[in-house]
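predicted model follows, preceded by the sequence.
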Amino acid sequence: MISKYIFILLIIWGIPSTFFRSKFRKIVYQTDDWKINIKPLFVKELKGLFFNIFPQNNDYIKTRNQYRIYLSVYLLLFIFYIITK
């Protein structure tokens, strides 16, 4: 029964993922083009997520930290869902 609630939480928590990812990718790839959201470019995005590729860019650091927190909560919810299933 609890796994159903966690699944619903996963769905709800996943809704803003496109916003966070789009904002983060636009900073990492330094573009405002909307097509960056559908391109499968992952290497620089992962480097930007785990390392500090723009240390002077405060917007990048703030967005990266928010995205990290968002993904951490998403991962915890997913693990909890798998455990309770």
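Thanks, I have the structure now.

list the buried ones in the lengthiest helix in the chain?
In the chain, assigned by DSSP state H, the helix with the most residues is helix 58-84. Buried residues in helix 58-84, counted by 16 or more other Cβ atoms under 10 Å: 60, 63-64, 67, 70, 74, 77, 81. (Glycine included, C-beta is placed from N, CA and C.)

show me what that helix is packed against.
helix 2-14, helix 17-28, helix 43-50 (3 or more Cβ pairs under 8 Å, 6 or more residues apart in numbering; DSSP states H and E).

returning to what we had before: can you put the buried residues of helix 58-84 in JSON lines and add distance to L9?
Below are the buried residues of helix 58-84 laid out as JSON lines (distance: Cβ to Cβ, whole Å):
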{"residue": "Y60", "distance to L9": "29"}
{"residue": "T63", "distance to L9": "24"}
{"residue": "R64", "distance to L9": "24"}
{"residue": "Y67", "distance to L9": "19"}
{"residue": "Y70", "distance to L9": "14"}
{"residue": "Y74", "distance to L9": "10"}
{"residue": "L77", "distance to L9": "6"}
{"residue": "Y81", "distance to L9": "8"}
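
need these in JSON lines (columns: distance to M1 and pLDDT).
Shown next, in JSON lines, are those (distance: Cβ to Cβ, whole Å; pLDDT from 0 to 100):
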{"residue": "Y60", "distance to M1": "42", "pLDDT": "94"}
{"residue": "T63", "distance to M1": "37", "pLDDT": "95"}
{"residue": "R64", "distance to M1": "37", "pLDDT": "95"}
{"residue": "Y67", "distance to M1": "32", "pLDDT": "94"}
{"residue": "Y70", "distance to M1": "27", "pLDDT": "94"}
{"residue": "Y74", "distance to M1": "22", "pLDDT": "92"}
{"residue": "L77", "distance to M1": "16", "pLDDT": "91"}
{"residue": "Y81", "distance to M1": "13", "pLDDT": "90"}
